[in-house]
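Participant: Next input, structure requested:
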Amino acid sequence: MLRVLAADDEAPALEELTYLLRRHPRVQMVRPAADAAEALRDLGRMITEGDRLDAVFLDIRMPGLDGLDFTRLVTGFADPPAVVFVTAHDEFAVTAFELGAVDYLLKPVDPGRLNEAIRRVEHAVHRDAAADEPEPDEMIPVELGGRTRLIPLAGVTHAQAHGDYVRLHTLDGSYLVRVPLAALAEKWGPVGFIRIHRSTLVAAAHINELRFDDGRAVVQVGDRPLMVSRRHTREVRDLLVRRFRQEARGPR
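Facilitator: Presented below is the predicted three-dimensional model:
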């Protein structure tokens, strides 16, 4: 059962969010706060008293300390709560996820969408910190035409370093995100992404073929051939051989 804090400077919005959270069967306690500064004071008091807080659901645009500043502060804590943003503004989604937010809900809050956010909070709270794996259905915020779009991790076929950015390729397009490729390789490795080149990360599930052209390994991802560096050839080959053998044996 979750113990959470809700913060919003608009009283009706805070009352609605508190009501929705309190009626959820997986939430044990909800403490409301009138703004981010009060939420920070409450969090500090709970830590001092040894009281557990699992998550904070808060607005972004608040007077004084805003939601993003609050998140920057609490991420420095030894055991920070999960953060879920609840806002009417979608333009902050990329920044929010870069700061480590678990989810980003738009007002008015849909109960079904809130249920998904609570599920994500439970996953973040209960998973082993050493196995910092993404959820298979993780949604990735990307910018497209000045707006934020969420794309599923399962739809990403490969990622390529692009200067200070990474270009994520899906079956229906490509998107730039501001994150190092090395960070994605570490985070997405446990869910089937493999490094085939210093600048390329590929979802093993989307590899159709491994072949050798003039002594160089190439993987086929959809209709795109991608070169495998000599350094990564053996690792890629061994992984794909294991996968093909498992598929040949079928489920037990």
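Participant: What ranges in the protein fall below the confidence cut-off?
Facilitator: 127-137, 146, 241-252 (pLDDT under 70).
Participant: Can you spell out the domain ranges of it, please?
Facilitator: Here the domain parsing of the chain from automatic domain parsing is 2-126, 140-249.
Participant: As JSON lines, the ones you listed with mean neighbour count would be great.
Facilitator: Backbone N, C-alpha and C define where each C-beta goes, glycine included. Output for the domains of the chain, formatted as JSON lines (neighbours: other CB atoms under 10 Å):
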{"stretch": "domain 2-126", "mean neighbour count": "18"}
{"stretch": "domain 140-249", "mean neighbour count": "15"}
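Participant: T87 touches D103, doesn't it?
Facilitator: No - contact criterion CB atoms under 8 Å: T87 and D103 do not qualify, at 11.4 Å.
Participant: what are the ranges of the helices in the protein?
Facilitator: Using DSSP state H, the helices found in the chain span residues 11-22, 36-48, 67-74, 93-98, 111-126, 181-188, 230-249.
Participant: where does the residue lying farthest from the centre of the chain sit relative to M227, distance-wise?
Facilitator: Within the chain, the residue lying farthest from the chain centre (CA atoms, centre = their mean) is D214, at 39.4 Å. Distance of D214 to M227, computed by CB to CB, to the nearest Å: 11 Å.
Participant: How about the most centrally placed residue in the chain: what's its closest non-neighbour residue?
Facilitator: Nearest to the mean C-alpha position of the chain, by CA atoms, centre = their mean, lies E138 at 5.6 Å. Closest residue to E138 apart from its sequence neighbours, by CB to CB, 6 or more residues apart in numbering: L153 at 4.3 Å.
Participant: Show the contacting residues for the residue farthest from the centre of the chain.
Facilitator: Listed by CB atoms under 8 Å, 6 or more residues apart in numbering, the contact set of D214 is empty.
Participant: So for D54, which of the helices of the chain sits nearest?
Facilitator: helix 111-126 (5.0 Å; CB to CB).
Participant: packing partners for the closest one?
Facilitator: On a contact count with 3 or more CB pairs under 8 Å, 6 or more residues apart in numbering; DSSP states H and E, helix 111-126 meets strand 2-7, helix 11-22, strand 55-58, strand 82-87, strand 103-106.
Participant: want to throw those into TSV with distance to W188?
Facilitator: Output for the helices and strands packed on helix 111-126, formatted as TSV (distance: least, CB to CB, whole Å):
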stretch	distance to W188
strand 2-7	27
helix 11-22	31
strand 55-58	24
strand 82-87	20
strand 103-106	19
